[in-house]
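# pasting the sequence and the predicted model now:
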Amino acid sequence: MPDHRKRNTFTSYVAPQPGDIRATADTNEWCLPSDLRDVHLAKPRLLSGEQIVASAPAYMYSPIAPMENPISSTASHTTHSNGNGSGGSSSSSSRSSHKEASFGLLSVTNFKLAFVPLAARATLASAAASPSDLYQENTFLGRNEVTLNNIDQIYTIAEQGRAASALQAARMASSNSGSGSGRRKKLEPAKQQHINGRIVALHVICKNFRLLKFAFQQQDSKLSDYGKLIASALARFAYPMRHDLSFAYVYREPYYATLLPGGVSMFASKNDWARELIRCGATEWQVVSASAVPQLQNRLQACKYTLPPHFVIPKGCEVERFLQLSLAFCDSRAAFWVYSYGSSAASLVRLAELHPASQQDNKLENIMLELVRKCDERRQLKLLQLTDQLPSIQDVQRAYQKLRRLCTPETPEKFMLQDDKYLGLLEKTNWLLYVSLCLRHASEAAATLRASVTCVLQESNGRDLCCVISSLTQLLLDPHFRSIDGFQSLVQKEWIALEHPFQRRLGHVCVASGEQAPDSEQSPVFLLFLDCVWQLLQQFPDEFEFSQTYLTTLWDACFMPIFDTFQFDSQAQRAAAVNEGRLVLRPVWDWGEQFSDKDKLFFSNPLYQRQRGDLSAAQQHHRRSLAVNNRLQLPSATGGAAGAAGASPSRYTINPQLFSTQSSVPQDRYLQPAHRILDLAVWEQCYYRWLPVLDIRGGGQPQVDLFHRLLLSNIAKLQRSIDLQNFDELPDAYYDAQGEKRQREQRAEEEQPVEYVDGVERRRKSMPSTTASASANGLQQVVNGGNSTLQLSTLSSFFPFGNPIAGDAPHELYDILSSSSELLLDTSSMLDKSSIV
């Protein structure tokens, strides 16, 4: 008999018998107890049209295994990231890494990569799947699931040798990754490469900074090479070559819109643009619909243009003349109006550069600029050339990749090496430099419009960095865009309607070309914009209705193919998908499709001031005096005081009565942010939320945010008690200080039956009531002298992301915080700082 038939090729899932040497061997990490034999029963929840491509039993590991001294090892890294010197903590280091892994079923579908841990194994990952945990729950994705659109890089780790343990080989390869050992190999998306050797582990790096690590059980039979099975499925489905291979074309469930009318302006019709012109008081501009232009209806002529369905051009220029001039610019992007500000209706205009063949003669560009100049009453114009002053999309992509490598260390050793020189590595990424440049140029554009000068933003194609600067400029000037509906309308106008190429920039389709790299056009320009908005939110926390959780969720939503908002390069592609691919359009702004009310609650900022409200005469005079002084210190269009004031954020106030304009845009709440690098911070919730080692239990910004919400909840209860003259909801501290009893307690005592003991009247003493804000499981309200302190010792510093909270605390927490939404939806602010003189 041949030798290969004599070997024992059977691998048991049954736990070894007592006394078996394999039970104590370090290499025997795959011995499973009897209750784990039915691993294939742990199938993921599937959506309509979703199919499982491949499944395999696997172990899921934490991105970074626990270290021996977690507090000291994370203190430096956290100090660099948040500047407060707080250290993180992780679970006990006495447990080995294989005990931190969770065993379950790893599946690849045509929509996602899903890992379902077995319920019988009490591990960290299985605890994270508990329905009572406190974290953001998505209707379409589970805790350990990522969409295929979110997957950016896949690394395979080959087997070391037949005698080596699979998990041991995976850990060795992981610790030596980047050393050129050859054990770790990148799975190229553009190549239909043959996967050689047995795969013992996979590292999946996601575009939202998440790192997933899996290890597989190895068998002697080639039919059970689970690692190769999963890797092959990912190589086939995670990198589609055509957009119609996306899951969006398969998921054809009917969509019933729940968006309120008049909320989010989609800018999908001529009327939407016309209303924006009226709101801004732009009377010298006109809306053009491509469907109404005969020249664009001719297919032979229309193929020359890449115009959006609706755009705004100077009223003094004929449409045919404008289209003729636009052919000289890249992507046919001639001067498009986006916003107007001030009494003179100074306009913000986006303009592409001339084609390389036309750049020698800039006559056509001068003609286009002259047409824009005539739309300004003062006939003034300033041109900001963003191509030379801002990074290219390739620069943004390189900075993003360096930042992601810094935020996704694969081993504790690599984390410690990065932690020792964290600030230097962060500076080399240039990410904060690019954020600083964007904020500086947006401030310059805003100052130009405040000086009643039209500002023209010019970029190579007018569809990338123009979107960033234009959106930030409007955020600085217009408080409407700082509300949730206004911000979503701003994204619709600047990014969707004017056609930022999301499909190419986010890598939804893998384009393989000869000499050009597949990812040469990938660039997370939208993430750069969201980071800039987060910086503004940190500097002006009371000026934005949305929170950082909303911004982080919006970045995650870019990789949800069910919603069409961030899936296309142009409106023409979207229309073709509906007509030819029968795609069901679903806007991502309908957040009720993905999240419950309790999750949407954390999208709102508890410190937001929706409206200043009416002020007294003395306060009006005080604000008028401030308005005159600040008006004399307005920065000029060429810089002026902007450079001197750029060191610290400031809010200027202009008296609206000094201007006579038809614009309904308020001019008394514009912002001037600090844009130096030393004034910026790292967006921890978005970039670090998947690193358990950096989690600060009971600390971080979520603690402050929840405490503010608790205060709003108590204020809402007080206001409701005053309105209804029912004071049963007041805190116990009030009745303790007054020495009184609640009305319901008094009524209960009066209704109690009278008992006579030896002829003496006695009443049964009632038990003291407990408020909903006290909980024995994680949530406590400590009352001391009338002051309440919120203690959530188990709350993650990346809440509602990161490691969740288990137990009964989530229910009490959501019950308490739900009442805070009453004030968040109120049109008046009870925290108006301007009313305090």
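That came through fine.
# domain parsing for this protein?
If you go by automatic domain parsing, the domain ranges for the chain are 3-62+101-239, 270-391+430-608, 617-654, 699-753+768-791+807-835.
# what's the least confident stretch among those?
For those, the bottom mean pLDDT is recorded on domain 617-654, which sits at a mean of 42.
# output the contacting helices and strands for the longest strand anywhere in the chain.
For the chain, the strand with the greatest residue count under DSSP state E is strand 52-61. Taking 3 or more CB pairs under 8 Å, 6 or more residues apart in numbering; DSSP states H and E as contact, the helices and strands that strand 52-61 lies on are helix 97-100, strand 102-109, strand 112-117, strand 211-216, helix 226-237. For every residue, glycine as well, the C-beta is placed using N, CA and C.
# how does it look with 6 Å?
Using 3 or more CB pairs under 6 Å, 6 or more residues apart in numbering; DSSP states H and E as the contact definition, the elements that strand 52-61 packs against are strand 102-109, strand 211-216, helix 226-237.
# redo those as a markdown table? Include mean neighbour count.
Compiled in a markdown table, these are given as follows (neighbours: other CB atoms under 10 Å):
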| stretch | mean neighbour count |
| --- | --- |
| strand 102-109 | 24 |
| strand 211-216 | 25 |
| helix 226-237 | 21 |
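# dump the ones you listed to TSV, plus distance to residue 258.
Shown next, in TSV, are the helices and strands packed on strand 52-61 (distance: least, CB to CB, whole Å):
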stretch	distance to residue 258
strand 102-109	27
strand 211-216	33
helix 226-237	31
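# which one, of these, ends up nearest to residue 667?
Across the helices and strands packed on strand 52-61, residue 667 has its closest neighbour in strand 211-216 (46.5 Å, CB to CB).
# tell me what angle the closest one forms with helix 226-237.
Using axes from the mean of the first three to the mean of the last three CA atoms, to 10 degrees, the interaxial angle of strand 211-216 with respect to helix 226-237 works out to 140 degrees.
# got the angle for strand 211-216 vs strand 102-109?
100 degrees.
# now do strand 211-216 against strand 52-61, angle only.
Using the same axes, to 10 degrees, strand 211-216 lies at 100 degrees relative to strand 52-61.
# can I get strand 211-216 as CSV, trimmed to CA atoms?
As requested, the backbone C-alpha atoms of strand 211-216 are provided in CSV (Å, rounded to 0.1, in the frame of the first residue of the first chain):
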residue,chain,number,x,y,z
LEU,A,211,-9.1,45.2,9.9
LEU,A,212,-10.5,41.7,9.9
LYS,A,213,-8.3,38.7,10.7
PHE,A,214,-9.4,35.1,10.1
ALA,A,215,-7.7,31.8,10.5
PHE,A,216,-8.9,28.4,9.1
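# for the longest helix seen in the chain, packing partners?
The residue-count maximum for a helix in the chain (DSSP state H) belongs to helix 701-724. In terms of contact count using 3+ CB pairs under 6 Å, 6+ apart, helix 701-724 is assigned the packing partners helix 821-824.
# try 7 Å
For helix 701-724, the contact count by 3 or more CB pairs under 7 Å, 6 or more residues apart in numbering; DSSP states H and E identifies strand 787-791, helix 809-818, helix 821-824 as packing neighbours.
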